[in-house]
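Engineer: Turn this into a model:
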Amino acid sequence: GSGIAAAAFRPPWWCRNAHVQTVWGPLFRRARLWALRERIATRDGDFVDLDWVEPSGSRKTTGAAGAPLLLVLHGLEGSSQSSYAVGLMRGAAARSWRAVTLNFRSCSGELNRRPQFYHSGHTDDLDDVIGRVLGREPETRLVAVGVSLGGNVLLKWLGEREVSAPKQLAGVVAISVPFDLAPCARALDTGLRRHLYAANFLATMREKVRQKAQRDPGFATQVDLPSALKARTFAEYDRAVTAPLNGFADERDYWVRASSGPYLPRIRRPTLLINALDDPIVPPESLPDPRTLPPWIRAEFVERGGHAGFIEGPWPWRVGSWAERRALEF
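Structural biologist: Numbering: from 1, shown residues only. Here you go, the predicted model:
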């Protein structure tokens, strides 16, 4: 059932601030992980790259007998090398599970072919990847963890599939999800957050737009290129790029239709939602009311933890993530 896990996560003495929680992993936890890359063709003639990690001490394609396969979905402008993706895949390998991270379009180090990038509500690629993996391994027990934007994509896809979600999918966890995109965009576009977070995200997003415009002359006719290249807020970028490329009326139409919150009542698989009430990117008013959720969705909305942080450990140089540990336990 749903509930508030008030005492579930206690930040360490040195990492109580929400911004410190949020930036510690990306700045200091990054550890590369050996992975085997697989390219998957998507239904619209594009591609996505999967990065596979085998259980500790093995390069075989079999995990422990009956062990699940963990699918990880990263956040905005992340990849399989994001600190939380590495942490989750390491945690899976330590349990003798196989793990794979789906790098969203243009996030694997290579620009995607089609004009469309990934976005918060784009579920087709996830559908293609799960279909491909389960098509060749129908007996595999699948579990999935989505972080931030990746969690939004995962929950929206689950809600779209409802009872027809694959029977092999045993459970999902969504960490620091922006359930309602409009207030999250507003939070990122104002004050300190705009300089601390939005500037970083938008710099790499603008660069990909620039590269795509250089490679495909026709791309400039499908977006508002001048506005895209000087976008300093998500409202400006989504109005110039995301909305016209994906058939949304404007940025607000995109935020409403891509939000996972409205899809939660339609989910029919065991699901754990983990968010922090001090998340600087996902304000508390974006969170669903746990009392309105179906019984198989459990909400653990904890007081602290920042955005995709939940850093635990007695000392700054030896840390892990409570949310990643909790996800694998679930």
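
Engineer: C-alpha from now on. contacts and neighbour counts both.
Structural biologist: Will do.

Engineer: Quick check: Ala41 vs Phe104, distance?
Structural biologist: Ala41 sits 12 Å away from Phe104, going by Cα to Cα, to the nearest Å.

Engineer: shared neighbours of those two, anything?
Structural biologist: Taking Cα atoms under 8 Å, 6 or more residues apart in numbering as the criterion, Ala41 and Phe104 both touch Val48.

Engineer: quick one, which of the two is more surrounded?
Structural biologist: Phe104 (27 against 14; other Cα atoms under 10 Å).

Engineer: so where does Met205 fall, helix or strand?
Structural biologist: Met205 belongs to helix 199-215 when elements are defined using DSSP states H and E.

Engineer: That helix packs against which elements?
Structural biologist: helix 225-229 (3 or more Cα pairs under 8 Å, 6 or more residues apart in numbering; DSSP states H and E).

Engineer: what sits against the nearest residue to Trp322 once chain neighbours are set aside?
Structural biologist: Spatial nearest neighbour of Trp322, chain neighbours left out: Phe310 (5.4 Å); criterion: Cα to Cα, 6 or more residues apart in numbering. By Cα under 8 Å, 6+ apart, Phe310 lies in contact with Phe9, Pro11, Gln21, Arg304, Ser321, Trp322, Ala323.

Engineer: Next, Phe310: phi, psi?
Structural biologist: phi 50, psi 40 (degrees, to the nearest 10).

Engineer: Okay, it and Pro290: tell me how far apart.
Structural biologist: Phe310 is 20 Å from Pro290, by Cα to Cα.

Engineer: Flag every buried residue along stretch 317-330.
Structural biologist: Burial within stretch 317-330, assessed by neighbour count using 16 or more other Cα atoms under 10 Å, is assigned to Val319, Gly320, Ser321, Trp322, Ala323, Glu324, Ala327, Leu328.

Engineer: Take these and keep only those in helices.
Structural biologist: Using DSSP state H, Trp322, Ala323, Glu324, Ala327, Leu328 are the members of the buried residues of stretch 317-330 that sit in helices.

Engineer: Tell me the pLDDT of the first one.
Structural biologist: What the model reports for Trp322 is a pLDDT of 95.

Engineer: Would you map the strands across the stretch 151-300 of the chain?
Structural biologist: For the stretch 151-300 of the chain, the strands defined by DSSP state E, counting those that start in this stretch cover 169-175, 271-276, 297-302.

Engineer: now for the first one, which elements pack on it?
Structural biologist: Meaning strand 169-175. Judged by 3+ Cα pairs under 8 Å, 6+ apart, the packing partners of strand 169-175 are strand 142-147, helix 149-161, strand 271-276.

Engineer: List the residues that contact the closest residue to Lys212 other than its chain neighbours.
Structural biologist: Leaving out its chain neighbours, the residue that sits closest to Lys212 by Cα to Cα, 6+ apart is Phe219, at 6.9 Å. By Cα under 8 Å, 6+ apart, the contact set of Phe219 is Pro115, Lys212, Ala213.

Engineer: my read: Trp34 touches Val53, true?
Structural biologist: Yes - look at Trp34 against Val53 with Cα atoms under 8 Å: they come within range, at 7.0 Å.

Engineer: The two - which one has more neighbours?
Structural biologist: Set Trp34 next to Val53 and count neighbours by other Cα under 10 Å: Val53 wins out with 26 against 11.

Engineer: How about Leu36: which residues does it bridge to?
Structural biologist: Beta bridges link Leu36 to Trp52, judged by DSSP bridges.

Engineer: State the pLDDT value of the residue nearest the centre of the chain.
Structural biologist: Nearest to the mean C-alpha position of the chain, by Cα atoms, centre = their mean, lies Gly150 at 2.0 Å. Note on Gly150: pLDDT of 98.
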